[in-house]
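Chemist: Build the 3D model from these lines:
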Amino acid sequence: MLKFTIRKLNDRFAFPYRYKKLTAKLAPLLHDVDNILDVGTGDGHLGRQLMDATGCHITGLDVCLQPHSHIDVHYYDGSRFPFVDD
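Modeler: Presented below is the predicted three-dimensional model:
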């Protein structure tokens, strides 16, 4: 029960505050960037906010895929990126 309550509080208050602050700090640095690879993206919530704020495209990688992601997330085995190296 306590774990559930803490998760709900984080989802409602802590995470939105953190995403807002990070987006405000990172977005100005990304004004000339077209594509970003987000390693360890989680559910992609921050990536979605950055995409909306900057217009860039963000692709996520994570070792644990979430059931509901806010951006396109690919499985990453922790040692090799699942993309062709160009």
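
Chemist: Now do the same contact list for L26.
Modeler: Residues in contact with L26 (CB atoms under 8 Å, 6 or more residues apart in numbering) are L50. In this view, the C-beta of every residue, glycine as well, is placed from N, C-alpha and C.

Chemist: Need the pLDDT of the residue nearest the centre of the chain.
Modeler: The residue lying closest to the centre of the chain (CA atoms, centre = their mean) is G44, at 3.0 Å. pLDDT, G44: 95.

Chemist: For it, which non-adjacent residue is spatially closest?
Modeler: I71 (3.6 Å; CB to CB, 6 or more residues apart in numbering).

Chemist: Could you verify my assumption that the one you found touches L46?
Modeler: No - at 9.2 Å, I71 does not count as touching L46 under the criterion of CB atoms under 8 Å.

Chemist: Give me the common contacts of these two.
Modeler: D38.

Chemist: Counting neighbours, which bits of the longest helix that the chain contains end up buried?
Modeler: As assigned by DSSP state H, the longest helix anywhere in the chain is helix 15-26. By neighbour count with 16 or more other CB atoms under 10 Å, helix 15-26 contains the buried residues Y19, T23.

Chemist: Mind listing residues that contact the helix or strand following that helix?
Modeler: Later in the chain than helix 15-26, the nearest helix or strand by DSSP states H and E is strand 35-39. Applying CB under 8 Å, 6+ apart, the contact partners of strand 35-39 are 30, 44, 46-47, 50, 56-62, 71, 76, 81.

Chemist: Downstream of strand 35-39, the next helix or strand is which one?
Modeler: helix 45-54.

Chemist: picking up where we left off before, state the distance from the residue nearest to G44 to L61.
Modeler: 11 Å (CB to CB, to the nearest Å).

Chemist: Give the residues shared as contacts by the two.
Modeler: Common contacts of I71 and L61, defined by CB under 8 Å, 6+ apart, comprise D38, T41.
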